[in-house]
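Asker: what follows is a predicted structure for the sequence shown.
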Protein chains: 2
Amino acid sequence: MNQSSPILVQFFQQHPAIIAVKAVEIASVFTKREFPKNTFLLTNEKINNDYMFLESGFMRAFTYDVDGNEVTTGFYSKQQLVFEPASFFNQTPSKENIQAITDCVGWSITFEQLNHLFHSMPEFREFGRSILVKGLTSLKQRMLSMINETAEERYSRMMQSNPEILQQASLKHIASYLGITDTSLSRIRKEMSKRGV
Amino acid sequence: MNQSSPILVQFFQQHPAIIAVKAVEIASVFTKREFPKNTFLLTNEKINNDYMFLESGFMRAFTYDVDGNEVTTGFYSKQQLVFEPASFFNQTPSKENIQAITDCVGWSITFEQLNHLFHSMPEFREFGRSILVKGLTSLKQRMLSMINETAEERYSRMMQSNPEILQQASLKHIASYLGITDTSLSRIRKEMSKRGV
DNA sequence: ATATTTTCTTGCCATTTGACAAGCAATCTA
DNA sequence: TAGATTGCTTGTCAAATGGCAAGAAAATAT
């Protein structure tokens, strides 16, 4: 059995269906990974074969639009799972890149290992499903935010709910995540500070 | 064993991991449901307890924004599964409504029945996972479309990929799905027809 | 430390989209 | 069929955001 991470064990134990002993068993399958700043966990066209828990550091996912510009599709801070569901579960080439924005430490398993855990542990299946459902829910929320709110409101909301993003990611990355240009975001920041926010 | 639907059997059989005999076994658990035009499969605050395959007809899901306006979150045509993942899988009150836009016929199972199938049939688990992954993937795609494309491009894309929506849904429903006002969509239509599209 | 590159800000102007209101068309209901 | 409701279009104007370019600031490399 590998050396394993107490933080990882705790992460699984948070799930209502997973008892302590099982959390340890699950965590023991994961392998430690390190990603220095600016290196990639996943690059375009490759198959995502890491289901990775981020223990420390900060990452972002991005893809390219038709004009070749980067579009940030997600930010990941510590204590989150980092993987691209379509590529990982279908074992198909990814359209996304996942990059370490700071030095990162994580723990990962392969597709095969994950399937083995799913097969042998019903409670871990439920955990896995809840991760997908959570992903869907938060993406739906983000979609509604795109439809109903102005860019400034979306930015405000991000400041409140994920302030760490503002410290870690560049304005350009944040802007494309919010669906605006970096120019507009700069102006929004200015407006808000002028009004004392 | 219930009377069951050949269309439903075929639907499951399309999945690579599911063989004919299993498809029949799965389909047999589903119960026939009918929804006259304008009736609801799910309403706000209720727990979604139907994992439903739509055999014929057309449905839409919507929620309300802060000002109380309806926002269409999805359209469902025949041969698709209709349910709200967060409410169904977490068994929590739904923030969405799902309404029949035409008379509909479907086949559904409960949360309990689904879990039983997941538990007893690994291939159905895989099917279930692929449904969630597909949902995530198409929502991501829609998100990118919101970020990178103009409303006209989004509308064009919808005309190409889901022309049946244009025949079934009202302009207002389509507009809020595309993230614009009905007024704007009306103008976009006019512009496009002026240019001969 | 200096040079170089990247990131951020700002100005000017264009485009897209929204808000509101009015009118017309289509549909439903009694 | 008349009346009412709902759905769609259009006009005017305003707000939000983008495109482009220049410069300032910050980060990075040599």
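Answerer: Nice, I can see it. Numbering: from 1, shown residues only, chains lettered A, B, ... in the order given.
Asker: gap between stretch A:157-177 and the chain center?
Answerer: Relative to the centre of its chain, stretch A:157-177 is centred 13 Å away, using Cα atoms, centre = their mean, to the nearest Å.
Asker: quick check: buried residues in that stretch?
Answerer: Under the neighbour-count criterion of 16 or more other Cβ atoms under 10 Å in any protein chain shown, stretch A:157-177 has A:158, A:165, A:168-169, A:172-177 buried. (C-beta placed from N, C-alpha, C; glycine too.)
Asker: number of nearby residues for A:S156?
Answerer: Residues near A:S156, counting by other Cβ atoms under 10 Å in any protein chain shown, number 15.
Asker: distance of it relative to DNA strand D?
Answerer: For A:S156, the distance to DNA strand D (Cβ to the nearest atom of the strand, to the nearest Å) stands at 11 Å.
Asker: poorly predicted segments of chain A, please.
Answerer: Along chain A, segments meeting pLDDT under 70 span A:1-2, A:197.
Asker: again, 90 this time
Answerer: Chain A contains residues with pLDDT under 90 at A:1-5, A:66-68, A:193-197.
Asker: which neighbouring elements make contact with the helix ranked longest in it?
Answerer: Secondary structure of chain A per DSSP state H: the longest helix is helix A:122-148. Where contact means 3 or more Cβ pairs under 8 Å, 6 or more residues apart in numbering or on different chains; DSSP states H and E, helix A:122-148 is packed against helix A:20-27, helix A:111-120, helix A:151-161, strand B:70-77, helix B:85-90, helix B:122-148.
Asker: make TSV from the ones you listed and add distance to A:N44 to it.
Answerer: Output for the helices and strands packed on helix A:122-148, formatted as TSV (distance: least, Cβ to Cβ, whole Å):
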stretch	distance to A:N44
helix A:20-27	30
helix A:111-120	19
helix A:151-161	26
strand B:70-77	29
helix B:85-90	28
helix B:122-148	14
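Asker: closest one to A:K46 among those?
Answerer: Taking Cβ to Cβ, helix A:111-120 is the member of those nearest to A:K46, at 13.1 Å.
Asker: contact residues of chain A facing DNA strand C?
Answerer: With the criterion set to Cβ under 7 Å from any atom of the strand, chain A comes near DNA strand C through A:170-172, A:182-183, A:185-187, A:189-190.
Asker: quick one: which of these is most hemmed in?
Answerer: Busiest of these [other Cβ under 10 Å] is A:L185, holding 21 neighbours.
Asker: and the closest residue to it other than its chain neighbours, what does it touch?
Answerer: Using Cβ to Cβ, 6 or more residues apart in numbering or on different chains and skipping the chain neighbours, the partner closest in space to A:L185 is A:A175 (4.1 Å). By Cβ atoms under 8 Å, 6 or more residues apart in numbering or on different chains, the residues touching A:A175 are A:181-182, A:184-185.
Asker: name the element A:A175 belongs to?
Answerer: Counting by DSSP states H and E, the element that carries A:A175 is helix A:171-178.
Asker: so which bits of chain A are right by DNA strand D?
Answerer: Within chain A, the positions lying close to DNA strand D (Cβ under 7 Å from any atom of the strand) are A:150-152, A:179-181, A:183-184, A:187-188.
Asker: okay, and the beta partners of the residue nearest the centre of chain A?
Answerer: In chain A, the centroid-proximal residue (Cα atoms, centre = their mean) is A:Y76; its distance is 3.6 Å. Counting by DSSP bridges, A:Y76 is bridged to A:M59.
Asker: ok, back up a step: could you export the residues of chain A next to DNA strand C as CSV, including distance to A:I7?
Answerer: Output for the residues of chain A next to DNA strand C, formatted as CSV (distance: Cβ to Cβ, whole Å):
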residue, distance to A:I7
A:S170, 27
A:L171, 31
A:K172, 31
A:D182, 35
A:T183, 40
A:L185, 33
A:S186, 37
A:R187, 40
A:R189, 34
A:K190, 39
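Asker: go through stretch A:124-140 and flag the buried ones.
Answerer: Buried residues in stretch A:124-140, counted by 16+ other Cβ under 10 Å: A:124-129, A:131-133, A:135-137, A:139-140.
Asker: again with stretch A:31-42
Answerer: Within stretch A:31-42, the residues that count as buried by 16+ other Cβ under 10 Å are A:33, A:35, A:41-42.
Asker: quote the end-to-end distance of it.
Answerer: Start and end residues of stretch A:31-42 are separated by 17 Å (Cα to Cα, to the nearest Å).
Asker: tell me which residues are up against that stretch.
Answerer: The contact list for stretch A:31-42 (Cβ under 8 Å, 6+ apart) reads A:2-3, A:5, A:48, A:50, A:52, A:57, A:59, A:61, A:82-84, A:87, A:94, A:96-109.
Asker: go again with 7 Å.
Answerer: Residues outside stretch A:31-42 that contact it (Cβ atoms under 7 Å, 6 or more residues apart in numbering or on different chains): A:2, A:48, A:50, A:52, A:59, A:82, A:84, A:94, A:96-108.
Asker: got it, and stretch A:98-114?
Answerer: For stretch A:98-114, the external contacting residues (Cβ under 7 Å, 6+ apart) are A:5, A:8, A:29-42, A:49-61, A:82, A:84, A:88, A:91, A:168-169.
Asker: please narrow those residues to those residing in helices.
Answerer: Using DSSP H, the subset of the contacts of stretch A:98-114 located in helices is A:8, A:88, A:168.
Asker: A:S145 and B:E123, how far apart?
Answerer: As judged by Cβ to Cβ, to the nearest Å, A:S145 and B:E123 stand 37 Å apart.
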